[in-house]
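Undergrad: Task: produce atomic coordinates for the following.
(6 chains)
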4 protein chains.
Amino acid sequence: MSDAVPRTSASKGRKVADKREAILGAALELFVSRGFHGTAVPQIAKQAGVGAGTIYRYFESKEALVNALYREWKSRLATHLLAEFVPTGDARVQFLAMWRRMADFVEQFPTGYAFIELVHHADYLDEESGAVAERYLQLAIAYIATKQMQGEFRPGAPELLWSLVEGAFMGLARFAREGRLELTPETVDAAGESAWEIVRPPQP
Amino acid sequence: MSDAVPRTSASKGRKVADKREAILGAALELFVSRGFHGTAVPQIAKQAGVGAGTIYRYFESKEALVNALYREWKSRLATHLLAEFVPTGDARVQFLAMWRRMADFVEQFPTGYAFIELVHHADYLDEESGAVAERYLQLAIAYIATKQMQGEFRPGAPELLWSLVEGAFMGLARFAREGRLELTPETVDAAGESAWEIVRPPQP
Amino acid sequence: MSDAVPRTSASKGRKVADKREAILGAALELFVSRGFHGTAVPQIAKQAGVGAGTIYRYFESKEALVNALYREWKSRLATHLLAEFVPTGDARVQFLAMWRRMADFVEQFPTGYAFIELVHHADYLDEESGAVAERYLQLAIAYIATKQMQGEFRPGAPELLWSLVEGAFMGLARFAREGRLELTPETVDAAGESAWEIVRPPQP
Amino acid sequence: MSDAVPRTSASKGRKVADKREAILGAALELFVSRGFHGTAVPQIAKQAGVGAGTIYRYFESKEALVNALYREWKSRLATHLLAEFVPTGDARVQFLAMWRRMADFVEQFPTGYAFIELVHHADYLDEESGAVAERYLQLAIAYIATKQMQGEFRPGAPELLWSLVEGAFMGLARFAREGRLELTPETVDAAGESAWEIVRPPQP
DNA sequence: CATGAATGAGTTTTCATTCAT
DNA sequence: TATGAATGAAAACTCATTCAT
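TA: Numbering: from 1, shown residues only, chains lettered A, B, ... in the order given. The predicted model follows:
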C-alpha cells in the first residue's frame, strides 16, 4: 500500500539511507492522511521506527522534511513522465501516451501523487520548492505553446489549456483515491480520450 | 475583496446573526490564507472583533466551526448554481451556462470557493459535512446519467465525466487564484468550450 | 528571604499586577540560584503559582522575561542610590553615604542585587538592557571625572577608579551573600573607609 | 588568543594528554563565550577535533569536565601567584608584586581567568571544587591575618579586606575584558597603588 | 450574554549520554 | 581506543477551551 521507494545509494551508506528513506516514507503517509500540521514529528518517528531526535539528524526541521519530500516526489513524477517521452509523432497519440504515464504513476505511487497535490502552494513550502514546481509548469506550458504553433493543439492561452488538462487529471486521480473510480486501462483510456478533446483543435 | 455574506436570520436576532457572521467571515479568510491548523481560535476572534470565548457560544468547537463554514459554502454554491438552472434546452448551451455560473461564483466569492476546495476531504470534516458533499455529488452524477441516457453526453461512467469536468474547473479556478489567468468572460467561455468537449458525445 | 517588591499599579489591575509580580519574583529567585539556562520556564510557573502558558501572556519569551527583570532591578538600584543623593558637601562624606546606600540595597534586596551581578553582560541580554547598563555606568564615570577635576578624587582614568570601587563593593556583597561576612553597620562602614582610600587623593 | 595550556603528563601518554588538553581547551573557550548550559557537549567535541563519545573517555560527564577545568585553572592561578612569592620584605612591595602577578595571569590567560570568575559558586561545581576554592581562600585569609598581626595591614576581619581587594581586582579584570581599560604596566601599577590603600594601615 | 485571562496538554526542537562498529 | 549516529527525556513555546467576572 505504501509507495515503494527504491534505494538511492547502494554500497556502504546502506543503513543511513535506510533511515532517511524510512523517515521520508513515514512522513509521506502521515502527511497525506493527517496533513502537515496535523502530523506530529514523534508520530513520524514512531512510524519510521526511529527516535524522535533522529529525524533532526537528517532534516533541519519539520519544514525542511516536507520540502525535501515535495522536491523528491515532484522530480520523481517528472522523471517518470519524461523517461519514455517521445516528442515526435501524432499529437493525439503523444497526449494519450502521456496521460497513461500519469495514470501509471498514480497507480504505482498513489500516496506520492496525493502528497504532491496536497502540499501544492502550501505556505510551508520554501522558495526552492516553489522554483522546482514553477520549472515543471513552464515546461508543460512551453510544450503546449509549441503544439499550438504547429496547429496540433487548440489555440488560446497555453496556461488555460494546461489548467484544464491538469485539473481534469487531478479530478480523475482524486476520484480514484476516493474509491469512486478504478484506474483500469479502459477507464484511463476513456478519460484520456475525453481529456484529449480539451486540447484538440476544433473540427472544421 | 472579502466575500460578502448576506444575513441569514433576518428579523430579531440581528446582533446575534452579526456576530455569527463576523466569526464565519473571519474564519473563512484565515482558514484560506493560513490553513485550518495554522489558524488559532483567538486569531479568528480578534479578526471578527469578538472575544475568544464568544466563538464558543456560536460553535461547539473549532471543528464545528469549520464544518459549519463548509456546509454553508457548499450549499451556497449549490444554491447559486441551481438558482437559474434551466433543465431544458440544448445540452451544450446548458453546460456552458452552468460553467459560467460556476465562474460567476468564483469571481463573486473567491475565498469561499477556495475554502471549499481547501477542506475537501480533510479529516476534521465530520460525517454530516461528508453527507452534504455526497448529496451534491450524487445530484451531479444523476444529471450526467440522465443526459447520457438522452444521448446528449458521452457515454461511460458518469463519475468519470464528472471527475474530469469538475477537475478541469478546479484547475481553472486555481490558476485564476494564483494570478496565472484572469477570469474574463472570454477566458471563461473559451474554457467552457474546451470543457464541453469532455462530455460531448463523439462525432460520427 | 525573597526580596519584597512593592505593588506598582494600585487600583484595578491588582490581580494582573499580582501575577506579573509573582512571575518576576519567582524568576528572580530561580535565576539567581540555578542560573538562566539552568531554570526551566515551567519551574518558574510552578514557583509563581501560575500555569506555564501564563508566563507567555506577560512576557514574549524567556529572554524577554530575564531582560525585563534586569532592567527593573537595575533601575531599582539606580533609583535607590539617587533618591537621597546629596551632590554637595565633603567628597569623603558623599562617598561613604553612597557606599552605605549600596549596602542598604543589598540588605533589602540581596537576591535582586545578586541577579544584577549574575546576568551582567550575559549573551541573552538584549540591546536595550545593554544600553540601560551603559547609561548608569556613564553616570558613575562622569561623577568620578567631575570629582577628579575638583581635586577631590585621585587622578587617572575614571574607569579605573570605578572598576576598583565597584569591584570592591561587589566583593563585599558576595562575601555577605556567602555568609562569610555580615553586613552590620560597623562592617559596612569599615569597608567604606577602606574603599574610600581607593579614590582618595594621595596624601602629600 | 586562546590561553596556551602546557602539557601535563609528559612521557608516554602524549597522544592521550593531547586529546584531554584539546577537550579542556575547547571547553574553556566555549564555556566562557556561551556559558556552561549554553554549550553542548558535541560542540566541545567538534571544537576539540574529537568524537563526542571521546569526551566521555576522559570525563565522566559534562559536570565532571567543568569541575576538572575549574580545579585546573584555580590551581594554575595559585601556582602562578605562589611561584615567585617572596614572603619577606616590605608589605607594600609584596602587595604590589602580588597584584602585578595577578595581572600577569589575566594577560597570559584571559579566558582561564574569566572562566574562574564565571563558574564561581555555580551549582554544577561539586564539593571537591568547593573545597579547592576554600583552601585557596583560607590561604589568603591567613596571609592577611598574619600581616595584620604584624601591623602591616589595616586591622579588622581579614575576610573583609580580602573581599574588597579581590573584588577590586576582579573589577579591573572585568573592565579589561570588556575593553574599557587596557592592562598596561602603568594602569596595573596605578590600580595596585589604589588597591594597596584598601589594606594599608591608617596613617596617624 | 460576552469576555479574555488563564491553563495544561501538546508541539517542535535540543542535547547529554550511550553503544555498535 | 575512538567514534559519531542514535536516542528519549526535557526544553521553550502554542493554543483550543474554560470560566469568573
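
Undergrad: what's the pLDDT at the residue in chain A positioned nearest to chain D?
TA: Of all residues in chain A, the one sitting closest to chain D is A:Arg57 (11.3 Å; CB to the nearest CB). Yep, even glycine has a C-beta here, placed from its N, CA and C like the rest. The score at A:Arg57 is 96. That number is its pLDDT.

Undergrad: A:Ala173 now?
TA: 98.

Undergrad: coming back round to it: can you tell me the element the residue of chain A closest to chain D falls in?
TA: helix A:52-58 (DSSP states H and E).

Undergrad: Skip ahead from that helix and say which helix or strand is next.
TA: helix A:62-83.

Undergrad: Dump the C-alpha coordinates for that following helix into CSV.
TA: Provided in CSV are the C-alpha atoms of helix A:62-83 (Å, rounded to 0.1, in the frame of the first residue of the first chain):
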residue,chain,number,x,y,z
LYS,A,62,9.8,19.6,10.0
GLU,A,63,9.5,22.2,7.2
ALA,A,64,12.8,21.0,5.7
LEU,A,65,11.4,17.5,5.7
VAL,A,66,8.2,18.3,3.9
ASN,A,67,10.2,20.3,1.4
ALA,A,68,12.6,17.5,0.7
LEU,A,69,9.7,15.2,0.3
TYR,A,70,7.9,17.6,-2.1
ARG,A,71,11.0,18.0,-4.3
GLU,A,72,11.7,14.3,-4.3
TRP,A,73,8.2,13.4,-5.5
LYS,A,74,7.9,16.3,-7.8
SER,A,75,11.0,15.3,-9.7
ARG,A,76,10.2,11.6,-9.4
LEU,A,77,7.0,12.4,-11.3
ALA,A,78,8.8,14.4,-13.8
THR,A,79,11.4,11.7,-14.4
HIS,A,80,8.6,9.2,-14.8
LEU,A,81,6.9,11.3,-17.4
LEU,A,82,9.9,12.2,-19.3
ALA,A,83,11.6,8.8,-19.2
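
Undergrad: so is A:Ala190 in a helix, a strand, or just coil?
TA: helix (DSSP: H, G, I helix; E, B strand; the rest coil).

Undergrad: Mind telling me which residue of chain A is nearest DNA strand F?
TA: A:Gly53 (1.8 Å; CB to the nearest atom of the strand).

Undergrad: Tell me who's in contact with that residue.
TA: Applying CB atoms under 8 Å, 6 or more residues apart in numbering or on different chains to A:Gly53 gives no contacts.

Undergrad: now swap in A:Ala122 and tell me
TA: A:36, B:35.

Undergrad: Mind checking the pLDDT average for stretch A:104-114?
TA: In the prediction, stretch A:104-114 has an average pLDDT of 97.

Undergrad: Buried residues, it. List them.
TA: The neighbour-count check on stretch A:104-114 (16 or more other CB atoms under 10 Å in any protein chain shown) flags A:105-106, A:109-114 as buried.

Undergrad: Do the helix holding A:Arg57 and DNA strand E come into contact?
TA: Yes: counting by CB under 7 Å from any atom of the strand, DNA strand E has neighbours in helix A:52-58: A:52-53, A:56.

Undergrad: the helices in chain A, which residues?
TA: For chain A, the helices defined by DSSP state H occupy A:14-34, A:41-48, A:52-58, A:62-83, A:91-108, A:110-119, A:127-149, A:158-177, A:185-199.

Undergrad: how about CSV for these, with distance to C:Ala27 added?
TA: CSV is the format used below for those (distance: least, CB to CB, whole Å):
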stretch, distance to C:Ala27
helix A:14-34, 38
helix A:41-48, 29
helix A:52-58, 29
helix A:62-83, 30
helix A:91-108, 56
helix A:110-119, 41
helix A:127-149, 39
helix A:158-177, 52
helix A:185-199, 64
